[in-house]
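**Q** I would like to see how this sequence folds:
(one chain, ligands or ions: 1)
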Amino acid sequence: MQCPYCGAENQLRVVDTTHDSDDGIRRRRECKACSRRFSTYERVLRATPMLIKSNGDREAFDREKLIRGIQISCAKRPIPAADINSLVEEIETHLQHIGQDEVSSRVVGDMVIEGLKRLDPIAYIRYAIVYLGLDNLTSVRDMLDSLLGDQQSHTNAKGSGAASGAADTGKRSAPTAAGSDSEPPPDSSS
Ligand SMILES: [Zn+2]
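**A** Reported below is the predicted structural model:
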């Protein structure tokens with residue numbers, strides 16, 4: 001194995017080895033040449049079914065691609081990378097336990113939707129708009145209504161959010177200077 005930093009070959013020593021719940025082995029390694037550290041991860045490869053896309057094409061499950069897709073929906077949201085990884089892990093494990101050669105790619109999309117619903121409402125909305133193909137405001141509003149209904153029925157025990165950034169609540173940042181006089185103030189409408 002090669003050091004990813006300095007490229008030295010066979011200069012790595014294992015500092016630490018840990019096992020995770022999914023038969024994975026993580027090894028913390030240190031390069032004897034440059035002293036930098038990094039981790040490698042070994043995982044047992046089980047057969048993951050092919051995904052049948054809506055147009056009938058077959059596609060191999062690609063965890064990196066799925067992670068990237070989810071990350072786009074989670075951009076600038078307070079979602080730990082570990083949560084995204086474990087969601088993808090959960091999806092892959094589920095696919096493997098179905099025990100079929102092929103499954104509808106919808107299985108994956110539905111699990112992402114459900115997972116994001118747990119993780120972060122804004123990421124969920126972003127993903128759902130694309131995944132469910134919501135192409136007008138009415139259908140987006142219907143989705144928001146059902147989401148808000150869900151939230152109310154859960155009588156959220158969660159406290160106030162992080163409130164770290166400025167407009168973190170998913171509000172569209174309205175043009176402040178440019179079109180201000182052409183738009184009614186937010187409270188006078190409706
Ligand atoms: Zn090195």
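**Q** ok, now which ones touch His19?
**A** By Cβ atoms under 8 Å, 6 or more residues apart in numbering, His19 lies in contact with 25-26. Glycine gets a C-beta too; all of them are placed from N, C-alpha and C.
**Q** scratch that, Ala33 is what I was asking about
**A** 3, 6, 8, 11.
**Q** and if we set it to 6 Å?
**A** For Ala33, the contacting residues are 6, 8, 11, by Cβ atoms under 6 Å, 6 or more residues apart in numbering.
**Q** for Thr17, same thing?
**A** Thr17 touches Arg27, counting by Cβ under 6 Å, 6+ apart.
**Q** cool, Arg28 as well?
**A** Neighbour list for Arg28: 15-16, 39 [criterion: Cβ under 6 Å, 6+ apart].
**Q** what's the answer for Lys32, then?
**A** By Cβ under 6 Å, 6+ apart, the residues touching Lys32 are Gln11.
**Q** Next to the ion, which bits of this protein? Give me the list.
**A** Residues of the chain lying close to the ion (Cβ under 5 Å from the ion) are 3, 5-6, 8, 31, 33-34.
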